[in-house]
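how does the following fold in three dimensions:
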Amino acid sequence: MAEGRQALLIMDIQPLVTPAFGGDDALLDRLAGAAKSARSAGVPVLFGKVAFRPGYPDVASSNQLFSGLPGMGLDFQESNPDSDYHPSVRPQEGDHTFTKRRVSSFAGSDLDMLLRGLGVDHVVLTGVATSLVVLSTLRTAADLDYKVTVLSDGCADADPEVQEVMLTKVFPMQATVVTIAEWAATL
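Okay, the predicted model is just below:
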């Protein structure tokens, strides 16, 4: 794809996810600023969350990550308010949302259809956790021929070493890695 329209993806910024994987108030403030910059520039802002149907019929027992959620006391059912978007960084009028059923924002969602409908061919990724949703979404987006940018200070991971390796060694193979300020200056 030739470079064209961008979209900012804010992924898994949910009360159940964000603090558990290294997200804090500073991250939430930076993401709110990134969303504001995108909206001002006419860049679509898309919010993605992970959530499941009541009773988890969409999680196979073989899924090591998600099948253990109920036993751990983590309620990612769609009906739980804590599985919704974080109150500090949530969709506003004109933004788009999608719900996913797996780690990648493309798995079990209509994200690809939404992006193509919006004429987007360049995704700008943020989210928690860097080693989960950001990595998985980056890999899928690259395989689908999207141009990919990762906002380094718009991501968080519970393990600082993993965060550093993702941003400096893994992601640059398939994406441009910049700060929110650097990206916003190009809008």
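
and the helix or strand that residue 99 is a member of, what does it pack onto?
If you go by DSSP states H and E, residue 99 is part of strand 96-100. Where contact means 3 or more CB pairs under 8 Å, 6 or more residues apart in numbering; DSSP states H and E, strand 96-100 is packed against strand 45-50, helix 111-117. Just so you know, the C-beta spots here come from the backbone N, C-alpha and C atoms, and that holds for glycine as well.

quick one: it to strand 45-50, angle?
Compare the direction of strand 96-100 with that of strand 45-50 by axes from the mean of the first three to the mean of the last three CA atoms, to 10 degrees and you get 20 degrees.

what's in contact with strand 96-100?
For strand 96-100, contacts defined as CB atoms under 8 Å, 6 or more residues apart in numbering pick out 44-51, 78, 85, 91, 105-111, 114, 118.

that strand pairs with which strands, parallel or anti?
Strand 96-100 pairs in its sheet with strand 45-50 (parallel), by DSSP bridges.

list the contacts of the strand it pairs with.
For strand 45-50, contacts defined as CB under 8 Å, 6+ apart pick out 7-14, 17, 35, 38-39, 76, 83-85, 90-92, 94-103, 105, 109, 111, 114-115, 127, 133.

to the chain's geometric centre, what's the distance from that strand?
Remark: strand 45-50 is offset 6 Å from the chain centroid, using CA atoms, centre = their mean, to the nearest Å.

tell me the mean pLDDT over it?
Averaging pLDDT along strand 45-50 yields 96.

repeat that for stretch 53-62.
For stretch 53-62, mean pLDDT rounds to 90.

state the pLDDT value of residue 5.
pLDDT recorded at residue 5 is 95.

is it bridged to anything, and to what?
The partner list for residue 5 in beta bridges (DSSP bridges) reads residue 120.

contacting residues for it?
The contact partners of residue 5, taken as CB under 8 Å, 6+ apart, are 43, 44, 118, 119, 120, 121, 122.

filter the contacts of strand 45-50 down to the buried ones, PyMOL style.
Buried residues within the contacts of strand 45-50, by 16 or more other CB atoms under 10 Å, are selected in PyMOL with:
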select buried, resi 7+8+9+10+11+12+13+14+17+35+38+39+76+83+84+85+90+95+96+97+98+99+100+101+102+103+105+109+111+114+115+127+133
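
from the contacts of strand 45-50, which land in helices?
Using DSSP state H, the members of the contacts of strand 45-50 that fall in helices are 35, 38, 39, 111, 114, 115.
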